[in-house]
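S.K.: Quick check, what structure comes out for this input:
(chains A and B)
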Amino acid sequence: MSGWQQNLIIAPILIPLLAGAILLFFDERQRVVKAMISVVSCLALVAIAVSLFRLASYGPERFEGVYMLGNWPAPFGIVLVVDRLSALMLVLASILAVPTLVYALARWHAAGAHFHSLFQFLLMGLNGAFLTGDLFNLFVFFEVMLAASYGLLMHGSGPMRVKAGLHYIAVNLAAALCFLIGVSAIYGSAGTLNMADLAVRIGEIEGDRRMLLEAGAAILGIVFLIKAGMWPLNFWLPAAYSAATAPVAGIFAIMSKVGIYVILRLSLLVFGQGESAGLGLNVLLYGGMATVAFGTIGVLASQALGRLASYSVLVSSGTLLAVLGLNNGMVTAGALFYMVSSTLTIAAFFLLIELVERGQDAGASVLAVTMEAYGDADEEEQEVEVGVTMPATIAVLGVCFAACGILLSGLPPLSGFVAKFTMLTGMIGSGVSADAPIPASVWWIVALLILSGLAALISMTRAGIRTFWASMEGTVPRVLVMEMAPVLLLIAMTLALTVQAGPVMRYMEETVSGLQQPATYIDAVINARRVGVEEPGGPEGGGGI
Amino acid sequence: MELVLAIGIGIMTGSGVWLLLRPRTYQVIIGLSLLSYAVNLFIFAVGGVKSNAAPLLGEGVDTSTLTDPVPHALVLTAIVIGFATTALFLVVLLAARGLTGTDHVDGREQPK
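M.R.: Got it, this is the predicted structure:
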């Protein structure tokens, strides 16, 4: 029998749904009430995500990570599944939501209508996409997430945001149609939409039907690659992310990881073994490498900090895709660590940029780089006084900026270094057997990883010098504690990730080894026990909805 | 029957893609609508094309005469979601038109 813990699985979807719906009934002027509801919902999500994480990873044997909606058994009903990977993603999403929300409370949530509702619906879509075990249900949660993100992207309005939003929506609507084509092609050939059932049936599909299935899976893959931002499907991303308001861009940092999550899930579960094994891995490998190269050039070329951060998202996505394309267990574990670390870093960076740029003239950072190229105008009016005490704000901002730079470029001592080091070790170090030569593609990835770090370092240093070592009259930004605390919290999390790198890496390795044995997942889903079926005459209200 | 359906899907997809690549926002949204009709028909088609068949399983009914109910459910969901997102996109188009003063997708007219 399943206990109350089983019902926790659906809570990450229900709580934001209810909170978002309740928030609609409050007038925009009741900001304190709205903020309270939103914060409580996010904190509850953190608590639930952490307890699901504990249950899925170290929980009692009795805990089954499968929740059957309406108590219908697996291939017929829709199931929600919690395993180590989805629990990890739930925790990441919820601990990212709290700082970004707090940051938004300082200023941005008042810039337009229904910020909190949209934020909650975005979380609902994210959590649903991580939990679902059904392809069509995945489509629905994707759409929930995207619909909320359209509203959030244009929060605060203005021509720039609406223009970026227009492109973003058009691209994502076209992607949604591809999603449907892919899903229906898979249904047409395999006759199921349940991921576990699909993994079972894929072995029995022959000939033409297999071709249709692979074509469907490939179209589906394109959708997730658009979401993850693989070159050449990513030209919408820098414009959209840099136009969004700071807290929105912060939470968007995890949206590009949803695509990566689904690719990782499906490629190891459905295409892990059998005749179709390794479908599209080369696309991931070379596409990922092209994305890293494109992102690196973008990072170097960016004049505005917002665009620099957006291209860092691409570098992070590209690194993950290329590394997943290698399909090597130890490297994948490193990639999961990198995903957590880079998501937190980029979110912190997006939040920080808005604070740093406040007080500067619009376009100052664009001018700064151009000035560098054509010689400095204000070099002569250098002040004679030495040792001016820096205001505390600038000092804190500067330290955070430096931490972001270290994290993005993967220098020691922070978690960006640990992540890159683990991936590189898996590729060329002790994880490789001595007699097998290392393929050329691996060397390319190694080179690209290191070069992208160098590019990030150069750009961050350039931007940092211009921002913090410039003459400072009247440019000290007015920053609230409430805005500084979320950035510090996110950076503290990366610090914790560094200190606890050993246990975290062990967890990631167990996650990957679990993913490489899809039989456990399939067995859990197909043989999940229905509530109240063993006892005759005791149908206890289904799954509890 | 299959041929007519296939040609219909093909023509709608082709027109939809062409319109999607046009520079005016109104053409883009009509293109997206046509594409979503084509996709809905495609979802129907993958369930197997049958006329005059009910998706109802009863006692003693031969399953080969039944139509598959799952694609119907999928199409219904896809229509609802597609309708909602198209309406949302329409609002954004109007906002973009109001803010930029042009209906070009890039928010400015191409230099002649």
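S.K.: residues near whichever residue of the stretch 1-150 of chain A sits closest to chain B, how many?
M.R.: Closest to chain B within the stretch 1-150 of chain A is A:E143: 4.9 Å, counting by C-beta to the nearest C-beta. The way it works is simple: take the backbone N, C-alpha and C, and place the C-beta from them, glycine included. Counted by other C-beta atoms under 10 Å in any protein chain shown, the residues lying close to A:E143 total 22.
S.K.: Repeat that for B:G10.
M.R.: By other C-beta under 10 Å, 11 other residues sit near B:G10.
S.K.: Against which helices or strands is whatever helix or strand it lives in packed?
M.R.: Assigned by DSSP states H and E, B:G10 belongs to helix B:2-20. Under the contact criterion of 3 or more C-beta pairs under 8 Å, 6 or more residues apart in numbering or on different chains; DSSP states H and E, helix B:2-20 touches helix B:25-46.
S.K.: Tell me the helix or strand right after the helix it packs on.
M.R.: Following helix B:25-46 toward the C-terminus (DSSP H and E): helix B:69-100.
S.K.: just the angle between that next one and helix B:25-46, please?
M.R.: Angle, helix B:69-100 to helix B:25-46, by axes from the mean of the first three to the mean of the last three C-alpha atoms, to 10 degrees: 170 degrees.
S.K.: Give me the buried stretch members for helix B:69-100, please.
M.R.: B:70-71, B:74-75, B:77-78, B:81-82, B:85-86, B:88-89, B:92-93, B:95-97, B:99-100 (16 or more other C-beta atoms under 10 Å in any protein chain shown).
S.K.: Single out the residue in chain B that lies closest to chain A.
M.R.: Across chain B, the shortest distance to chain A (C-beta to the nearest C-beta) belongs to B:V46, at 3.1 Å.
S.K.: which ones are touching the closest residue to that residue other than its chain neighbours?
M.R.: Closest residue in space to B:V46, ignoring its immediate chain neighbours: A:G188 at 3.1 Å, by C-beta to C-beta, 6 or more residues apart in numbering or on different chains. Residues in contact with A:G188, defined by C-beta atoms under 8 Å, 6 or more residues apart in numbering or on different chains, are A:212, A:216, B:45-47.
S.K.: Please name whichever of these scores lowest on pLDDT.
M.R.: In terms of pLDDT, B:G47 ranks lowest among these, with 77.
S.K.: Quick one: residues contacting it.
M.R.: A:187-188, B:67-68, B:70-72.
S.K.: re the thing from before, just give me the closest of the contacts of A:G188 to A:L449.
M.R.: A:G216 (32.5 Å; C-beta to C-beta).
S.K.: hang on, the earlier thing: kindly reformat the contacts of A:G188 as JSON lines and extend each row with distance to A:V399.
M.R.: Below are the contacts of A:G188 laid out as JSON lines (distance: C-beta to C-beta, whole Å):
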{"residue": "A:L212", "distance to A:V399": "56"}
{"residue": "A:G216", "distance to A:V399": "50"}
{"residue": "B:A45", "distance to A:V399": "60"}
{"residue": "B:V46", "distance to A:V399": "57"}
{"residue": "B:G47", "distance to A:V399": "60"}
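S.K.: Stretch A:84-94 - what's its average pLDDT?
M.R.: Here the average pLDDT along stretch A:84-94 is 92.
S.K.: Repeat that for stretch A:23-35.
M.R.: On average, stretch A:23-35 scores 86.
S.K.: and if you look at stretch A:341-358?
M.R.: What stretch A:341-358 shows for mean pLDDT is 89.
S.K.: That stretch: how far from the chain's middle?
M.R.: 14 Å (C-alpha atoms, centre = their mean, to the nearest Å).
S.K.: about what we covered before: for the residue of the stretch 1-150 of chain A closest to chain B, which non-adjacent residue is spatially closest?
M.R.: According to C-beta to C-beta, 6+ apart, the nearest residue to A:E143 is B:I81 (4.9 Å).
S.K.: From A:V258, how far out is that neighbour?
M.R.: 17 Å (C-beta to C-beta, to the nearest Å).
S.K.: one step back: so the residue of chain B closest to chain A makes contact with A:G182?
M.R.: No - in this structure, B:V46 is not within contact of A:G182 by C-beta atoms under 8 Å, at 11.0 Å.
S.K.: Burial check on the residue of chain B closest to chain A, number of neighbours?
M.R.: Neighbours around B:V46, by other C-beta under 10 Å: 22.
S.K.: Kindly provide the distance from it to A:D208.
M.R.: From B:V46 to A:D208 the distance is 13 Å (C-beta to C-beta).
S.K.: same thing with A:M427?
M.R.: Going from A:M427 to A:D208 by C-beta to C-beta gives 38 Å.
S.K.: Likewise for A:P16?
M.R.: 43 Å.
S.K.: How about B:T86?
M.R.: For B:T86, the distance to A:D208 equals 34 Å [C-beta to C-beta].
S.K.: again with A:V33
M.R.: 59 Å.
S.K.: Look at the two and report which has more neighbours.
M.R.: In terms of neighbours (other C-beta under 10 Å), A:V33 is the more surrounded of A:V33 and A:D208; the figures are 14 against 9.
S.K.: residues from chain A in reach of chain B?
M.R.: Residues of chain A found near chain B (C-beta under 8 Å from any C-beta of the partner chain) are A:136, A:140, A:143, A:146-147, A:150, A:154, A:157-159, A:162-163, A:165-167, A:169-170, A:173-174, A:176-177, A:180-181, A:183-185, A:187-188, A:193.
S.K.: Quick one, which of the residues you listed are buried?
M.R.: A:136, A:140, A:143, A:146-147, A:150, A:154, A:162-163, A:165-167, A:169-170, A:173-174, A:176-177, A:180-181, A:183-185, A:187-188, A:193.
S.K.: where does the residue most central in space within chain B land on pLDDT?
M.R.: By C-alpha atoms, centre = their mean, the mean C-alpha position of chain B lies nearest to B:S36, the distance being 1.2 Å. Here the pLDDT value assigned to B:S36 is 92.
S.K.: show me what contacts it?
M.R.: Neighbours of B:S36 in contact, by C-beta under 8 Å, 6+ apart: A:177, B:78, B:82, B:86.
S.K.: Confirm for me that A:I22 is in contact with A:S38.
M.R.: No - using C-beta under 8 Å, A:I22 makes no contact with A:S38, being 10.0 Å away.
S.K.: Mind checking which of these two has more residues around it?
M.R.: Taking other C-beta under 10 Å, A:I22 and A:S38 do not tie; A:S38 has more neighbours (27 against 17).
S.K.: Doesn't that one belong to a strand?
M.R.: No - counting by DSSP: H, G, I helix; E, B strand; the rest coil, A:S38 is not part of a strand but helix.
S.K.: Verify the stated contact: it with A:F119.
M.R.: Yes - the pair A:S38 / A:F119 is scored as a contact, 6.6 Å apart, by C-beta under 8 Å.
S.K.: need the contact list for A:V446.
M.R.: Residues near A:V446 by C-beta under 8 Å, 6+ apart: A:424, A:427-428.
S.K.: Helix or strand next in line after the lowest-mean-pLDDT helix or strand in chain A, which one?
M.R.: The weakest-scoring helix or strand in chain A, judged by mean pLDDT, DSSP states H and E, is helix A:364-374 (a mean of 54). Tracing the chain past helix A:364-374, the next element assigned as helix or strand by DSSP H and E is helix A:392-409.
S.K.: what's that next one packed up against?
M.R.: The criterion is 3+ C-beta pairs under 8 Å, 6+ apart, and the helices and strands that helix A:392-409 contacts are helix A:329-357, helix A:415-428, helix A:440-468, helix A:481-499.
S.K.: Identify, out of those helices, the most deeply packed stretch.
M.R.: helix A:329-357 (a mean of 26; mean count of other C-beta atoms under 10 Å in any protein chain shown).
S.K.: Please state the offset of that helix from the chain centre?
M.R.: 9 Å.
S.K.: Work out for me the element the closest residue to A:L326 other than its chain neighbours sits within.
M.R.: Among residues not flanking A:L326 along the chain, A:L285 sits closest, at 6.6 Å (C-beta to C-beta, 6+ apart). Assigned by DSSP H and E, A:L285 belongs to helix A:281-301.
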